[in-house]
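after the sequence you'll find the predicted model.
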Amino acid sequence: SGEQVLEEDDYETELIIDGEDARTEILLSIHEAKKSIRVRMFMWRDDSAGNMILRALEKKAEIFPDIQIYIEKDSFGTLVYNLQNIVTFGRKKGDIFSTVKGKTFLKTHPNISLKYVGSWMPLSVRYVENNDHSKVFVFDEDTENVHALVGGMNMSDEYLSAKEKNSPELGWHDYMVKIR
């Protein structure tokens, strides 16, 4: 079938525990990428962590104008964050690509694409069949430097910040795995 099967010695894995280490690894991987960055994300909030990742991608696109950046966002995850923004009267930020800065980022750089995946209708059969809860980064596909970060962390302060005693919303305990 033409599929390449990797032997155990052909790759390395590294467990990344909790948000601060995941954020550091994501930012380092964006900085080091030369050819492509692919992000598939359930939720990406317009907060400090989400904006930090967006700024890193923007800087990468300015320094390497030929780099390809592909962003795939879950439709329902986007809807959830935008509804949270409305019902909390702005206390919880919405989806980053629903903001002016997110839309400007996409328009300014010709090698960046955004694709929504899944269904916008949470109570439909189509939602159950098509929505994707993935959180995946793939850097420099089809090169010897290819690596991926996979796990459970969305792009938001809840996931990518240190645990704070006074805030049950920040510093969720979660994992990512780096595969090289």
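Cool, the structure landed. Residues are numbered from 1 along each chain as shown.

below-threshold pLDDT in the chain: ranges please.
Within the chain, the set of residues satisfying pLDDT under 70 comprises 1-9, 119-132, 161-172.

where do the helices sit along it?
19-32, 48-63, 75-87, 100-108, 125-130 (DSSP state H).

who's in contact with the residue nearest the centre of the chain?
Closest to where the C-alpha atoms of the chain average out (Cα atoms, centre = their mean) is Met41, at 4.4 Å. Applying Cβ atoms under 8 Å, 6 or more residues apart in numbering to Met41 gives the contacts 71-74, 77, 134-136, 154-155. Placement of C-beta: from N, CA and C, glycine included.

including distance to Asp142, could the helices of the chain go into JSON lines?
Output for the helices of the chain, formatted as JSON lines (distance: least, Cβ to Cβ, whole Å):
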{"stretch": "helix 19-32", "distance to Asp142": "16"}
{"stretch": "helix 48-63", "distance to Asp142": "18"}
{"stretch": "helix 75-87", "distance to Asp142": "28"}
{"stretch": "helix 100-108", "distance to Asp142": "24"}
{"stretch": "helix 125-130", "distance to Asp142": "27"}
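
mind putting those helices into a markdown table with mean neighbour count?
Listed next are the helices of the chain as a markdown table, based on neighbours: other Cβ atoms under 10 Å:
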| stretch | mean neighbour count |
| --- | --- |
| helix 19-32 | 17 |
| helix 48-63 | 18 |
| helix 75-87 | 18 |
| helix 100-108 | 13 |
| helix 125-130 | 12 |
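
between the ones you listed, which gets nearest to Tyr175?
Nearest of those to Tyr175, taken as Cβ to Cβ: helix 19-32 at 8.2 Å.

Lys60 touches Ala33, doesn't it?
Yes - when contacts are counted by Cβ atoms under 8 Å, Lys60 is listed as touching Ala33 (6.5 Å).

what is in contact with those two at once?
Taking Cβ under 8 Å, 6+ apart as the contact rule, Lys60 and Ala33 both touch Ile67.

of all the helices of the chain, which one is nearest Lys178?
Using Cβ to Cβ, the helices of the chain put helix 19-32 closest to Lys178, at 6.3 Å.

restricting to C-alpha, output the closest one in PDB.
Taking Å, rounded to 0.1, in the frame of the first residue of the first chain, the C-alpha atoms of helix 19-32 are listed here in PDB:
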ATOM      1  CA  GLY A  19       0.500  24.100  30.500                       C
ATOM      2  CA  GLU A  20       3.700  26.100  31.100                       C
ATOM      3  CA  ASP A  21       5.900  23.400  29.700                       C
ATOM      4  CA  ALA A  22       3.500  22.900  26.800                       C
ATOM      5  CA  ARG A  23       3.400  26.600  26.000                       C
ATOM      6  CA  THR A  24       7.200  26.700  26.100                       C
ATOM      7  CA  GLU A  25       7.500  23.700  23.700                       C
ATOM      8  CA  ILE A  26       4.800  25.100  21.300                       C
ATOM      9  CA  LEU A  27       6.600  28.500  21.100                       C
ATOM     10  CA  LEU A  28      10.000  26.900  20.600                       C
ATOM     11  CA  SER A  29       8.700  24.600  17.900                       C
ATOM     12  CA  ILE A  30       7.100  27.600  16.100                       C
ATOM     13  CA  HIS A  31      10.400  29.500  16.400                       C
ATOM     14  CA  GLU A  32      12.400  26.600  14.900                       C
END
